[in-house]
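*Asks:* Give me a 3D structure for the following:
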Amino acid sequence: MLKQILSKLSRKSSKTVDSREHGGNHATYFSVSGGSRSSDLGTGKLENSSVSSFPVHNSTADVGWKGAKLKPNGNHMFSAYEALPAFKDVPASEKQNLFIKKLNLCCVVFDFIDPTKNLKEKEIKRQTLLELVEYVTYVNVKFSDAVLQEIVKMISANLFRSLNPQPHENTFVDGFDLEEEELSMDPAWPHLQTVYEFLLRFVASPETDAKLAKRFVDQSFIIKLLDLFDSEDPREREYLKTILHRIYGKFMVYRPFIRRAINNIFFQFIFETEKHNGIAELLEILSSIINGFAVPLKEEHKVFLVRALIPLHKPKCLAMYHQPLSYCIMQFVEKDCKLADAVIRGLLKYWPITNSSKEVMFLTELEEVLEATQPPEFHCCMVPLFHQLAHCLNSLHFQVAERALSLWNNDHIKNLIIESHKVILPIIFPALEKNARNHWNQAVHSLSLNAGKIFFDLDPELFKECLLKFQEDESKENEIEMRRETTWKRLEELAGKKASGSEAVPHEPKC
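*Replies:* Below you'll find the predicted structure:
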């Protein structure tokens, strides 16, 4: 009786799914080893379980397994998950059909959390994936619409999943990852790696026609691929970086869309979460993209620099992606030297106040930008720039002061400073003089003396004027400090007299 009820329910549910999802087309859904993992790939909302369910548009006998048995407790198990024949064992006319069958076979996703489950089936799938990689590498026939659809379905089934990041509030302190040794490595990587390799070979294959494939490798597919960049597994991010770069190169119609999508990821990271694992990889892709920008730069590219790249200096975890970010910005400056003023002002806008290690990174990047800056742009920003550098020179953190003073060792920057020394020296002279007198670090002390000597040899009169002004300002500050101390002493004396007077004269009680 129970078996009859279950069989009726199974037939009804399969018909409902069939009609709703595929408009009457025959499709069979399989689930392995139990669990309640959703198959809603459109939203990417997948629950944790052993295997997800995906439609297979062939009979179960055609795709290499013979069906699933339903146990009384509701768990599923395969009665047979059989390997299909090798490509070399079938005639050329049957290879495409066999390719589709193997793709359908690989749509089943296994549970890797428990390494003891479905060992035989996992090995069959792994070998089948390797055969697919070899086939797509050496195939010499254009992929048809039907094949492209099955390829994208198999890739989506295996790759597009919820990442389930580890819960943590703030893993970055002064640019160092506190959980670097606790990164989540996906246990399903043995299969994922082969699927990524398949996708890479598929995109790079000359038999993949971009005009046909764009119907299936659509904007939704690219968005889901970009979502995977937040994976904590660096191996996965490395594959994604290479694949997205190949897609950008092959599917020219999607280039503006990919740039906008990356832009949106940056905005969310900068202004909302400040948490994302793949910012460095996305910037590495962008560095290659920016390198291909035509000169003169389009206005939208300049806007991208100002609104997305420069604000990436704001998050605390800048150290995790500073190198590729700096390289991207430098490419903009090299393509259009007039952007140097905007970049320098942007750095000043996001200049760290209490983070010394981040300040050293800013100074390093600033030196690279100044090295590519021409005098007209330098004149536009030198006043606010050297006001900030004066603060850096007086920093109690010796690395900040030393890195700021090392700018004078760069010949191009030194020439820019010499050309505008009449404006620059009055701004930074007080900082140099204070360091030369009493900075605690010997290296900073020596570098300050050397920088001062450059200015003295260049313009002794201006140097003496700045020294006199510094001494006058110093004496005025001392006078103000003395007055302040005198005022406080008087207030203390008056307060003491008032207190003693109130104790000596008793208050008469009020009537």
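
*Asks:* what residues are up against Leu132?
*Replies:* 99, 102-103, 106, 198 (Cβ atoms under 8 Å, 6 or more residues apart in numbering). Yep, even glycine has a C-beta here, placed from its N, CA and C like the rest.

*Asks:* can you pick the most crowded of the residues you listed?
*Replies:* Across those, neighbour numbers were computed from other Cβ atoms under 10 Å; Cys106 holds the maximum, 28 neighbours.

*Asks:* Got phi/psi on it?
*Replies:* Here is the backbone geometry of Cys106 (degrees, to the nearest 10): phi -80, psi 0.

*Asks:* Run through the residues that contact it.
*Replies:* 125, 128-129, 132, 154, 157-158, 195.

*Asks:* before we move on, the earlier item: tabulate the contacts of Leu132 (JSON lines), appending secondary structure and distance to Arg260.
*Replies:* Listed next are the contacts of Leu132 as JSON lines, based on DSSP: H, G, I helix; E, B strand; the rest coil; distance: Cβ to Cβ, whole Å:
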{"residue": "Phe99", "secondary structure": "helix", "distance to Arg260": "35"}
{"residue": "Lys102", "secondary structure": "helix", "distance to Arg260": "36"}
{"residue": "Leu103", "secondary structure": "helix", "distance to Arg260": "31"}
{"residue": "Cys106", "secondary structure": "coil", "distance to Arg260": "32"}
{"residue": "Phe198", "secondary structure": "helix", "distance to Arg260": "28"}
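
*Asks:* hmm, back to that, quick one: which of the contacts of Cys106 is nearest His313?
*Replies:* Using Cβ to Cβ, Val195 comes nearest to His313 of the contacts of Cys106, at 36.0 Å.

*Asks:* what kind of secondary structure is the closest one in?
*Replies:* At Val195, secondary structure determined by DSSP: H, G, I helix; E, B strand; the rest coil is helix.

*Asks:* per-residue pLDDT, it?
*Replies:* Listed pLDDT for Val195 reads 96.

*Asks:* neighbours around it, how many?
*Replies:* Val195 has 20 neighbours, counted by other Cβ under 10 Å.

*Asks:* and stretch 211-226, what's its mean pLDDT?
*Replies:* For stretch 211-226, mean pLDDT is 95.

*Asks:* Next, the distance between the ends of it.
*Replies:* This stretch, stretch 211-226, spans 21 Å end to end (Cα to Cα, to the nearest Å).

*Asks:* quick one: buried residues of that stretch?
*Replies:* Buried residues in stretch 211-226, defined by neighbour count with 16 or more other Cβ atoms under 10 Å: 213-214, 216-217, 221-222, 224-226.

*Asks:* do the same with stretch 457-465
*Replies:* Going by 16+ other Cβ under 10 Å, stretch 457-465 has these buried residues: 462-463.

*Asks:* CA atoms only for that stretch, dumped as CSV, please.
*Replies:* What follows is stretch 457-465, C-alpha atoms only, in CSV (Å, rounded to 0.1, in the frame of the first residue of the first chain):
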residue,chain,number,x,y,z
ASP,A,457,72.9,74.7,-1.9
LEU,A,458,70.1,75.6,-4.3
ASP,A,459,68.9,78.9,-2.8
PRO,A,460,70.8,80.0,0.4
GLU,A,461,68.8,83.3,0.7
LEU,A,462,65.4,81.5,0.7
PHE,A,463,66.8,78.9,3.1
LYS,A,464,67.8,81.7,5.6
GLU,A,465,64.5,83.4,5.2
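
*Asks:* ok now that stretch, how far from the chain's centre?
*Replies:* From the chain centre to the centre of stretch 457-465 is a distance of 48 Å (Cα atoms, centre = their mean, to the nearest Å).

*Asks:* what does stretch 456-476 give?
*Replies:* Using Cα atoms, centre = their mean, the mean C-alpha position of stretch 456-476 is found 48 Å from that of the whole chain.

*Asks:* what comes into contact with it?
*Replies:* Here stretch 456-476 makes contact (Cβ under 8 Å, 6+ apart) with 418, 421-422, 425-426, 429-430, 433, 452, 455.

*Asks:* Reformat the contacts of Cys106 as JSON lines; add secondary structure and distance to Val444.
*Replies:* Formatted as JSON lines, the contacts of Cys106 follow (three-state DSSP; distance: Cβ to Cβ, whole Å):
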{"residue": "Lys125", "secondary structure": "helix", "distance to Val444": "62"}
{"residue": "Thr128", "secondary structure": "helix", "distance to Val444": "64"}
{"residue": "Leu129", "secondary structure": "helix", "distance to Val444": "59"}
{"residue": "Leu132", "secondary structure": "helix", "distance to Val444": "62"}
{"residue": "Met154", "secondary structure": "helix", "distance to Val444": "61"}
{"residue": "Ala157", "secondary structure": "helix", "distance to Val444": "60"}
{"residue": "Asn158", "secondary structure": "helix", "distance to Val444": "56"}
{"residue": "Val195", "secondary structure": "helix", "distance to Val444": "54"}
